[in-house]
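S.K.: Could you look at this predicted model? Sequence included:
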Amino acid sequence: MGQVLEHLEQLARLTRGRDRDSMDATLVEVLLPLLDARCVVLWEAVPEDAGERLLTRARLERGMTVPQSSPPWVSLSDLPRVDDDPVRVQAWLARQTRVVADGAMHRVLVPLITESDRRLLIEAVLERAPDVHAVRVVEGVARIFENFINLLESSERDTLTGLLNRKSFDDTFYKITRRTPVLPDADGGQRQGQEAAQHWLGVVDVDHFKSVNDRFGHLIGDEVLLLMARILRSTFRHDDRLYRFGGEEFVVLVRAADSAAAAGVFERLRRNVEQYPFPQVGRITVSVGYTAVREHDTPSDAFERADRAVYLAKAEGRNTVRCYETHVQLGEPTPQRGSDGDIELF
Ligand SMILES: Nc1nc2c(ncn2[C@@H]2O[C@H](COP(=O)(O)OP(=O)(O)OP(=O)(O)O)[C@@H](O)[C@H]2O)c(=O)[nH]1
């Protein structure tokens, strides 16, 4: 009975989290003592040009006080390859728990695949072979964790495109622009996460989208939005954040070294959209405005600056990319929306 109560208490802890990071951290905190494990890691497989890499979402070793995770802007080439460990690959492929002896250690691997197709893996390293009961406990905890992650993801995603929704923008903006997590280095010390380069916020607005709906109907309009989301995903990196703010307006939060690099990234998006053959509709273009995220910036201030740059791009004839800071440096007139929604320059 005492053990059941303890398990219930741990499960209550697991479901208390309101964001993914705290749920990830609680998962490994719950599993480490439950299994009397030496180490528990929650991995996520992230795609890279040549295969997949393993991102550490949470890792806790016996003796550590708080779980660690990969820095949010970690370079993929610094992460271990998924293929380097066939046991992990097999666990994912078979979608089944694997228990393997590894020298003097034993590993328990439980694969999870979320509704948004994220591939996660819980890996526990134990000094003794786990009994059947222990393995079932990990699997049970894993299923509850998976259900809650799915719930959380569905609340933060746009239902049409699967991109992040507006509601999750504020949270992720602060998390990404302010957080600098630490990972233990090889000799047990801690190194600062990779220094975050400059962040840029871009607003991407489809040109003349109303006429797409008017000419082809809303179903085709929705198809265009879905394809736009696909182009965004393939243009930006795995750790850039992509949102649909509703309608035909998308927002992207990216990291780039400087203004020229940011310009290059947004220009690539503009070109990729322009060159994409949208079925039935043909050519679609976007107007893009972007701004540098400042120290102590708020999500709404950054958004407003990028949005003003979009007005400029629209006023200049659309299918173009404008930077808010460049516009201010040049002392150009400030764009504002007129009462009829059209753009006016003051
Ligand atoms: N199909 C579809 N249309 C949508 C959705 N949300 C908003 N819209 C439509 O998007 C259109 C946006 O039109 P406007 O804001 O006038 O802008 P626009 O025609 O793109 O013109 P510019 O932005 O000035 O180039 C409206 O017709 C909305 O009805 C959606 O989820 N699906």
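M.R.: Sure, I can see it. This is a predicted model, so every value here is computed, not measured.

S.K.: Is the residue of the stretch 1-150 of the chain at minimum distance from the ligand part of a helix or strand, or is it coil?
M.R.: Here the residue of the stretch 1-150 of the chain nearest the ligand is residue 116; by CB to the nearest ligand atom that distance is 19.3 Å. No exception for glycine: its C-beta is placed from N, CA and C like everyone else's. Here residue 116 is recorded as coil under DSSP: H, G, I helix; E, B strand; the rest coil.

S.K.: isn't it right up against residue 162?
M.R.: Yes: the criterion here is CB atoms under 8 Å, and residue 116 meets it with residue 162 at 6.3 Å.

S.K.: In terms of neighbours, single out the busier of the two.
M.R.: Per other CB atoms under 10 Å, whichever of residue 116 and residue 162 has more neighbours is residue 162, with 19 against 11.

S.K.: ok, the more buried one to the ligand distance?
M.R.: Distance of residue 162 to the ligand, given as CB to the nearest ligand atom, to the nearest Å: 13 Å.

S.K.: Need the pLDDT of that residue.
M.R.: At residue 162, the pLDDT value in this model is 91.

S.K.: again, but for residue 21
M.R.: Looking at residue 21, its pLDDT is 84.

S.K.: That one sits in which helix or strand?
M.R.: Element membership for residue 21, per DSSP states H and E: helix 20-35.

S.K.: Point out the other elements, helices or strands, that that helix touches.
M.R.: When contacts are defined as 3 or more CB pairs under 8 Å, 6 or more residues apart in numbering; DSSP states H and E, helix 20-35 packs onto helix 2-14, strand 39-48, strand 51-61, strand 119-126, helix 132-156.

S.K.: Helix 2-14 and that helix, what's the angle between them?
M.R.: Here the directions of helix 20-35 and helix 2-14 differ by 170 degrees (axes from the mean of the first three to the mean of the last three CA atoms, to 10 degrees).

S.K.: all helices in the stretch 151-300 of the chain, in order from the N-terminus.
M.R.: Taking DSSP state H, counting those that start in this stretch as the test, the helices found in the stretch 151-300 of the chain are 169-178, 209-216, 218-235, 259-275, 299-315.

S.K.: For the second one, buried residues please.
M.R.: When burial is assessed from 16 or more other CB atoms under 10 Å, helix 209-216 yields the following buried residues: 209, 212, 213.

S.K.: Let me know the closest of the residues you listed to the ligand.
M.R.: For these, the nearest to the ligand is residue 209 (3.4 Å; CB to the nearest ligand atom).

S.K.: any idea how far the closest one is from residue 255?
M.R.: Residue 209 is 28 Å from residue 255, where distance means CB to CB, to the nearest Å.

S.K.: so what's the residue in the stretch 201-346 of the chain positioned nearest to the ligand up against?
M.R.: Closest contact between the stretch 201-346 of the chain and the ligand, by CB to the nearest ligand atom, is at residue 221 (2.6 Å). Residues in contact with residue 221 (CB atoms under 8 Å, 6 or more residues apart in numbering) are 209, 212, 213.

S.K.: Which ones among the residues you listed also lie next to the ligand?
M.R.: Contacts with the ligand within the contacts of residue 221, counted by CB under 6 Å from any ligand atom: 209, 213.
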